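S.K.: Based on what follows, work out the 3D shape:
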Amino acid sequence: MARGHLQLVTHPTLAVERARRSPARRAVGWRLGPLGFGYLAACVDMVAILISAIVTVALRVAFFHGGLAGLRTGFDVGVVVAVLVVLIGLHNGGYTAVKYADRAGQFARAFPLWNVGMLAALALGVAMREIEDFPRAGLALFYVVGFATLVGGRRVVCDALAALQARGLIARRRVAVVGFEDQIEEMRMPEDSVADGAEFVCRFALRETDASILEDLALAAAAIRLHRVDDVFVALPWSRPDFVESCLAALAKLPVEVHLALGGPLRGLRRAEVAHVGSVSGLTLTRQPLGRWQQIEKRAFDLVIASLALLALSPLFLVVAAAIRWESKGPALFRQKRYGLNQEPFRIFKFRTMRAMDDGRVVKQATRGDVRITRLGAWLRRLSIDELPQLFNVLIGDMSIVGPRPHALAHDQLYVDRLAAYSRRHNVKPGITGWAQVSGHRGEIADDGAMLHRLEHDLYYVDNWSLWLDVKIMWLTAFSRLTHKNVY
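M.R.: Below is the predicted model of the structure:
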């Protein structure tokens with residue numbers, strides 16, 4: 001049965017006949033291949049950074065009465081940063097059409113790239129004593145202008161990519177699928193895949209008999225050659241290793257990349273890869289949300305922000321603590337057990353806002369008009385000032401500035417049994433603020449549906465962490481109206 005240019009061939013001899021009647025479509029006119037697109041994207045990054053270096057010097061001359069003597073030094077700094085940014089991007093595989101398919105995500109992609117490039121350039125300049133004459137204000141200005149120009153240039157490339165793809169001027173990977181008919185159908189391939197740079201040109205169904213396997217594979221190989229295929233997916237059940245081995249042996253003779261399709265329970269694993277741990281190899285199904293360098297990056301960010309915040313807010317801490325002690329009897333700080341990373345318990349710090357201090361198997365949530373909340377406590381909760389002592393938890397290492405909000409142990413134990421994915425919240429450190437909170441999911445949890453919405457946002461953060469996302473959540477915490485929704 002043929003659907004467009006996707007052919008599901010169930011008769012082996014028919015495969016070659018259809019391939020002969022429908023030879024691979026050759027590019028008509030000019031087409032930009034993956035290597036050409038990567039070269040173009042890298043050049044745009046480099047040109048954008050060089051332009052920003054020249055603009056920085058021009059702004060210094062125009063508004064800060066800087067001299068033209070710094071023009072050469074400013075241009076040299078731009079060259080070094082541009083080269084480093086491009087090399088880092090190439091190393092991370094950042095110059096592919098897939099990475100430029102999301103226009104809105106370019107800010108988040110460029111943020112760590114630009115910071116690492118700038119830090120590397122500064123370290124190199126200090127080591128070689130080449131930037132001693134370049135003013136510090138000029139470097140700060142270049143940091144801002146360069147980042148803005150880099151993001152702008154990348155978004156232009158995104159728009160150009162979309163326009164080229166719409167006109168068919170981007171060369172796409174030609175893909176074939178070989179396997180049993182049921183497994184091929186499970187793959188649910190699109191009729192035409194443009195945005196991800198793939199074009200499925202042929203599907204070849206093998207007969208499920210030992211006697212026919214060699215004949216079918218020979219005909220499939222002939223069809224793949226005629227279709228000028230780049231990639232072949234083998235859609236066979238892993239319970240038939242004899243068929244898989246025969247298929248891989250036949251396809252190894254072709255100049256193509258061969259991939260074993262993920263079927264059954266592995267179908268949704270988009271980031272699966274082969275892992276080698278010692279002498280043992282296996283398929284990675286899940287991984288830590290943060291790698292080692294990401295953990296270091298996030299911890300450094302937390303320490304800097306928490307330290308600066310405590311220094312700036314120490315007078316406020318003294319005033320609030322004195323006001324709490326003056327209004328009602330009891331300590332100024334409230335400590336309660338919560339679950340943190342790896343579901344390990346810790347003591348969380350908060351300014352006391354209630355007359356009661358529950359910390360047992362039964363913890364009653366705060367509700368609207370709760371008589372346990374003091375008058376000062378209501379004001380502290382409304383402005384989220386009661387959460388500020390958790391900065392000490394961040395310095396200790398129990399919490400992060402941003403992460404899923406920790407719940408009382410009694411509530412955690414309740415929802416671990418009710419919601420299957422709930423425990424995944426503990427795969428990262430809990431935070432003072434989080435993606436769920438800035439999205440309006442705060443306050444009392446009235447039912448499982450409310451918790452499910454909060455959980456969905458928490459798991460999005462766990463699966464999509466980036467330093468830029470932390471910065472965005474901190475900004476929304478301070479300025480978004482949704483952050484203060486349902487606070488009482």
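S.K.: So what are the structural domains in this structure, by residue number?
M.R.: As recorded under automatic domain parsing, the domains making up the chain are 2-27+171-271, 34-166, 292-484.
S.K.: would you turn those domains into a markdown table with mean pLDDT, mean neighbour count and distance to Val280?
M.R.: Where C-beta positions appear, they are placed from N, C-alpha and C, glycine not excepted. Shown next, in a markdown table, are these (pLDDT from 0 to 100; neighbours: other Cβ atoms under 10 Å; distance: least, Cβ to Cβ, whole Å):
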| stretch | mean pLDDT | mean neighbour count | distance to Val280 |
| --- | --- | --- | --- |
| domain 2-27+171-271 | 74 | 16 | 18 |
| domain 34-166 | 80 | 17 | 26 |
| domain 292-484 | 84 | 17 | 20 |
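S.K.: so which of these gets nearest Val277?
M.R.: Of all the domains of the chain, it is domain 292-484 that lies closest to Val277, at 15.0 Å by Cβ to Cβ.
S.K.: Tell me the helix or strand right after the helix or strand harbouring Leu113.
M.R.: Per DSSP states H and E, Leu113 falls inside helix 106-128. Next along the chain after helix 106-128, taking DSSP H and E as the criterion, comes helix 136-166.
S.K.: before we move on, the earlier item: could you dump the domains of the chain to a markdown table with distance to Leu283?
M.R.: Output for the domains of the chain, formatted as a markdown table (distance: least, Cβ to Cβ, whole Å):
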| stretch | distance to Leu283 |
| --- | --- |
| domain 2-27+171-271 | 8 |
| domain 34-166 | 21 |
| domain 292-484 | 19 |
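S.K.: So for Leu285, which of these sits nearest?
M.R.: Leu285 lies closest, by Cβ to Cβ, to one member of the domains of the chain: domain 2-27+171-271, at 6.2 Å.
S.K.: Quick check: which helices or strands does the helix holding Leu113 pack against?
M.R.: Here helix 106-128 touches helix 70-91, helix 136-166, helix 467-479, going by 3 or more Cβ pairs under 8 Å, 6 or more residues apart in numbering; DSSP states H and E.
S.K.: change it to 10 Å
M.R.: Packing partners of helix 106-128 (3 or more Cβ pairs under 10 Å, 6 or more residues apart in numbering; DSSP states H and E): helix 34-63, helix 70-91, helix 136-166, helix 292-327, helix 467-479.
S.K.: Specify the angle between the first one and helix 106-128 in degrees.
M.R.: Meaning helix 34-63. Calculated by axes from the mean of the first three to the mean of the last three Cα atoms, to 10 degrees, helix 34-63 forms an angle of 70 degrees with helix 106-128.
S.K.: swap in the shortest one?
M.R.: Between helix 467-479 and helix 106-128, the angle comes out at 110 degrees (the same axes, to 10 degrees).
S.K.: Please name whichever of the helices and strands packed on helix 106-128 is nearest to Ala222.
M.R.: Here helix 34-63 is closest among the helices and strands packed on helix 106-128 (Cβ to Cβ), at 26.4 Å.
S.K.: angle of the closest one against helix 70-91?
M.R.: Put simply, helix 34-63 runs at 150 degrees to helix 70-91, going by the same axes, to 10 degrees.
S.K.: ok, back up a step: now the helices and strands packed on helix 106-128 as JSON lines including distance to Met451?
M.R.: Formatted as JSON lines, these follow (distance: least, Cβ to Cβ, whole Å):
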{"stretch": "helix 34-63", "distance to Met451": "43"}
{"stretch": "helix 70-91", "distance to Met451": "40"}
{"stretch": "helix 136-166", "distance to Met451": "37"}
{"stretch": "helix 292-327", "distance to Met451": "26"}
{"stretch": "helix 467-479", "distance to Met451": "20"}
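S.K.: now the angle from the helix or strand containing Leu452 to helix 467-479?
M.R.: Following DSSP H and E, one finds Leu452 within helix 448-463. Angle, helix 448-463 to helix 467-479, by the same axes, to 10 degrees: 140 degrees.
S.K.: Check which helices and strands helix 448-463 sits against.
M.R.: Right, helix 448-463 is packed against helix 409-418, helix 435-438, helix 467-479 by 3+ Cβ pairs under 10 Å, 6+ apart.
S.K.: Any idea how far it is from the middle of the chain?
M.R.: From the chain centre to the centre of helix 448-463 is a distance of 17 Å (Cα atoms, centre = their mean, to the nearest Å).
S.K.: Just want the angle from that helix to helix 409-418.
M.R.: 90 degrees.
S.K.: How much space separates Leu419 from Ala450?
M.R.: 12 Å (Cβ to Cβ, to the nearest Å).
S.K.: what does Ser239 give?
M.R.: Ser239 sits at a distance of 43 Å from Ala450 (criterion: Cβ to Cβ).
S.K.: now Ala322
M.R.: Using Cβ to Cβ, one obtains 36 Å as the distance from Ala322 to Ala450.
S.K.: Same question for Ala223.
M.R.: Computed with Cβ to Cβ, the distance linking Ala223 and Ala450 is 54 Å.
S.K.: With Trp326 instead?
M.R.: Distance from Trp326 to Ala450, counting by Cβ to Cβ: 36 Å.
S.K.: same thing with Ala410?
M.R.: Distance, Ala410 to Ala450, by Cβ to Cβ: 17 Å.
S.K.: With Thr477 instead?
M.R.: For Thr477, the distance to Ala450 equals 20 Å [Cβ to Cβ].
S.K.: do the same with Val44
M.R.: Plainly put, Val44 is 46 Å away from Ala450 if you go by Cβ to Cβ.
S.K.: How about the contacts made by the residue sitting nearest the centre point of the chain?
M.R.: The chain has Asn464 as the residue nearest its centroid, 3.8 Å off, counting by Cα atoms, centre = their mean. By Cβ atoms under 10 Å, 6 or more residues apart in numbering, Asn464 lies in contact with Ala108, Pro289, Trp435.
S.K.: The second one and Ser466 touch, don't they?
M.R.: It refers to Pro289. No: using Cβ atoms under 10 Å, Pro289 is not in contact with Ser466, being 11.1 Å away.
S.K.: circling back to that earlier point, out of the helices and strands packed on helix 106-128, which gets nearest to Leu414?
M.R.: Leu414 lies closest, by Cβ to Cβ, to one member of those: helix 467-479, at 26.2 Å.
S.K.: ok now that closest one, how far from the chain's centre?
M.R.: Relative to the chain's own centre, helix 467-479 is displaced by 15 Å; criterion: Cα atoms, centre = their mean.
S.K.: Which other helices and strands does that helix contact?
M.R.: helix 106-128, helix 292-327, strand 400-402, strand 431-433, helix 435-438, helix 448-463.
S.K.: quick one, that helix and helix 292-327 angle?
M.R.: In terms of direction (the same axes, to 10 degrees), helix 467-479 departs from helix 292-327 by 20 degrees.
S.K.: what does helix 467-479 contact?
M.R.: Identification of contacts with helix 467-479 by Cβ under 10 Å, 6+ apart yields 105, 107-112, 115, 294, 297-298, 300-302, 305, 384, 387, 400-403, 431-439, 460-461, 466, 480, 482-484.
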